[in-house]
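1. Any chance you can model this:
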Amino acid sequence: MGGWGGWFIVYDLVKLLIIIAAIIIIVRLLTNSFHKTDQGKHNKAIDILKERYARGEIDEEEYREKMEKLNK
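-> Numbers count the residues shown, from 1 in each chain. All right, here's what the predicted structure looks like:
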């Protein structure tokens with residue numbers, strides 16, 4: 001039985017590496033999905049701002065101020 005002890009350590013290390021890799025993958029997927037959602041909201045706000053400017057609802061000064069804030 002003394003000869004098998006090393007294999008159990010290797011087996012446990014492989015399991016640990018698989019678990020760590022799975023956690024890293026899940027965190028990256030969640031982070032990317034949140035980032036994409038934020039970008040979509042940002043682009044939507046810019047599109048609305050452009051539409052309001054095109055319709056004449058806001059003047060050029062207000063358009064530039066708001067655009068500057070959105071691009072920060």
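
2. per-residue confidence averaged over the lengthiest helix in the chain?
-> Taking DSSP state H as the criterion, the chain has its longest helix at helix 5-55. Helix 5-55 comes out with an average pLDDT of 84.

3. What of stretch 64-72?
-> Here the average pLDDT along stretch 64-72 is 88.

4. circling back to that earlier point, toward the C-terminus from the longest helix of the chain, list the very next helix or strand.
-> helix 60-70 (DSSP states H and E).

5. So which bits of that next one are buried?
-> Buried residues in helix 60-70, counted by 16 or more other C-beta atoms under 10 Å: 63, 66. For the C-beta atoms, the positions are set from N, CA and C on the backbone; glycine is no exception.

6. what's in contact with it?
-> 42, 45, 46, 49, 52, 53, 58 (C-beta atoms under 8 Å, 6 or more residues apart in numbering).

7. What angle do helix 5-55 and it make with each other?
-> 180 degrees (axes from the mean of the first three to the mean of the last three C-alpha atoms, to 10 degrees).

8. and helix 60-70, how far from the chain's centre?
-> For helix 60-70, the separation from the chain centroid amounts to 26 Å (computed by C-alpha atoms, centre = their mean, to the nearest Å).

9. Then stretch 10-30?
-> 20 Å.

10. Need the residues that contact that stretch.
-> With C-beta under 8 Å, 6+ apart, stretch 10-30 has no contacts at all.

11. Now it: buried residues?
-> Buried-residue list, stretch 10-30, by 16+ other C-beta under 10 Å: empty.

12. Just the CA coordinates for it, please, in PDB.
-> The C-alpha trace of stretch 10-30 is given here as PDB (Å, rounded to 0.1, in the frame of the first residue of the first chain):
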ATOM      1  CA  VAL A  10      -1.200  13.300  -7.800                       C
ATOM      2  CA  TYR A  11      -4.900  12.400  -8.200                       C
ATOM      3  CA  ASP A  12      -5.900  15.000  -5.500                       C
ATOM      4  CA  LEU A  13      -3.700  17.600  -7.200                       C
ATOM      5  CA  VAL A  14      -5.300  17.000 -10.500                       C
ATOM      6  CA  LYS A  15      -8.800  17.300  -8.900                       C
ATOM      7  CA  LEU A  16      -7.800  20.500  -7.300                       C
ATOM      8  CA  LEU A  17      -6.400  22.000 -10.500                       C
ATOM      9  CA  ILE A  18      -9.600  21.100 -12.300                       C
ATOM     10  CA  ILE A  19     -11.700  22.800  -9.700                       C
ATOM     11  CA  ILE A  20      -9.600  25.900  -9.800                       C
ATOM     12  CA  ALA A  21      -9.700  26.000 -13.600                       C
ATOM     13  CA  ALA A  22     -13.500  25.700 -13.500                       C
ATOM     14  CA  ILE A  23     -13.800  28.600 -11.000                       C
ATOM     15  CA  ILE A  24     -11.600  30.800 -13.100                       C
ATOM     16  CA  ILE A  25     -13.600  30.000 -16.200                       C
ATOM     17  CA  ILE A  26     -16.900  30.800 -14.500                       C
ATOM     18  CA  VAL A  27     -15.600  34.100 -13.100                       C
ATOM     19  CA  ARG A  28     -14.300  35.200 -16.500                       C
ATOM     20  CA  LEU A  29     -17.600  34.300 -18.200                       C
ATOM     21  CA  LEU A  30     -19.600  36.200 -15.600                       C
END
